[in-house]
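> quick one, structure for this:
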Amino acid sequence: MMPRSVMLVEDNIDDAFLTKRTLRKAGIDAVRVASDGQEALDMLYTSGEALPELLILDLRLPKINGLKLFTEIRRNKKTMALPVLILTSSEDPKDRETCLNLGAIAFLNKPMELPSFQQLLA
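Below you'll find the model as predicted:
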């Protein structure tokens, strides 16, 4: 089922633009963007806004890296069930294994392609 709301955690403005465009093509317009791990935590825990239906997470982030952020999301009762899709330039097998062990719904490499994304959510 296609999510209606997404939080994208991405520090590269070009990658964020491309991912948002791909999401729009998939019919998802409600996309909030955090540019670093700390901003994402603030948005999830202190903004007062509803949780997104999907979190798309880059691993290489300033302030708090993606793996630490993902670990915190899984530890917190408010967000432990939040679906997380990893979208990264990392090709490290350890990153992939760690993320899948934390319950990532997928580990995709940038740039995200619309058919891959739609197939994942079908």
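
> residue 17 and residue 24, how far apart?
Relative to residue 24, residue 17 is positioned 11 Å away (Cβ to Cβ, to the nearest Å). Every C-beta, even on glycine, is put in place using the N, C-alpha and C of the backbone.

> go on, residue 33?
For residue 33 relative to residue 24 (Cβ to Cβ), the value is 13 Å.

> between the two, which has more neighbouring residues?
residue 33 (19 against 12; other Cβ atoms under 10 Å).

> in this structure, mark out all the strands, start to finish.
Ranges of strands in the chain, per DSSP state E, are 5-9, 30-34, 54-57, 84-88, 106-109.

> OK, contacts around the closest residue to residue 80 other than its chain neighbours?
Nearest residue to residue 80, sequence neighbours excluded (Cβ to Cβ, 6 or more residues apart in numbering): residue 74, at 5.5 Å. For residue 74, the contacting residues are 80, 102-103, by Cβ atoms under 8 Å, 6 or more residues apart in numbering.
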